[in-house]
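Engineer: Pasting the sequence and the predicted coordinates here, then a few questions.
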Amino acid sequence: RVSLNFDSDNAGQTATERALTIFEKIGLAAKVVLLDHAKDPDEYIKNFGKDAYIQALSESKNGFEFRMNRILKKYDLSQIEEKIEAAKELVLLIAETDSAVTRDIYARMAAEHLEISAEAIILDILRMEESE
């Protein structure tokens, strides 16, 4: 099991993205440790303690969840236009997987955050694939 825990700044998040891509290419699933209120693991442990870090480690997210959260943070989801843009990005992300089961699970996760139906996401993926 691989857990990635880079700095929480933009450079660290970009490094996390690159590492996830590399691991996925070789067929190794990696999790991402998300640390709020600290710039890096060392600061997090100093401020919140070892037990809090162990808890964060146990709550690590898979690659899709990490990417989805990055997309969602870019938008003000209370604004319809921004919600639509976030949905478009998530449709593209979900479409990258070939598994219907995985697509369904990811569509349901994204739909919950966007407060739309998973079916709408799946329909957009299918329409996108038909037009290719």
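Structural biologist: That came in fine, so what should we check first?

Engineer: what helices or strands is the host helix or strand of Arg18 leaning on?
Structural biologist: Assigned by DSSP states H and E, Arg18 belongs to helix 10-25. If contacts are counted by 3 or more CB pairs under 8 Å, 6 or more residues apart in numbering; DSSP states H and E, helix 10-25 sits against strand 2-4, strand 30-32, helix 63-73. Using the backbone N, CA and C atoms, a C-beta is placed for each residue, glycine as well.

Engineer: would JSON lines of these with mean neighbour count, distance to Met128 and mean pLDDT be doable?
Structural biologist: Formatted as JSON lines, these follow (neighbours: other CB atoms under 10 Å; distance: least, CB to CB, whole Å; pLDDT from 0 to 100):
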{"stretch": "strand 2-4", "mean neighbour count": "14", "distance to Met128": "29", "mean pLDDT": "94"}
{"stretch": "strand 30-32", "mean neighbour count": "20", "distance to Met128": "26", "mean pLDDT": "96"}
{"stretch": "helix 63-73", "mean neighbour count": "17", "distance to Met128": "16", "mean pLDDT": "96"}
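
Engineer: Contacts for the helix holding Arg18 next, please.
Structural biologist: When contacts are defined by CB atoms under 8 Å, 6 or more residues apart in numbering, helix 10-25 is touched by residues 2, 4, 6-7, 29-30, 32, 40, 63, 66-67, 70.

Engineer: Swap in 6 Å and give it another go.
Structural biologist: 4, 6, 30, 32, 63 (CB atoms under 6 Å, 6 or more residues apart in numbering).
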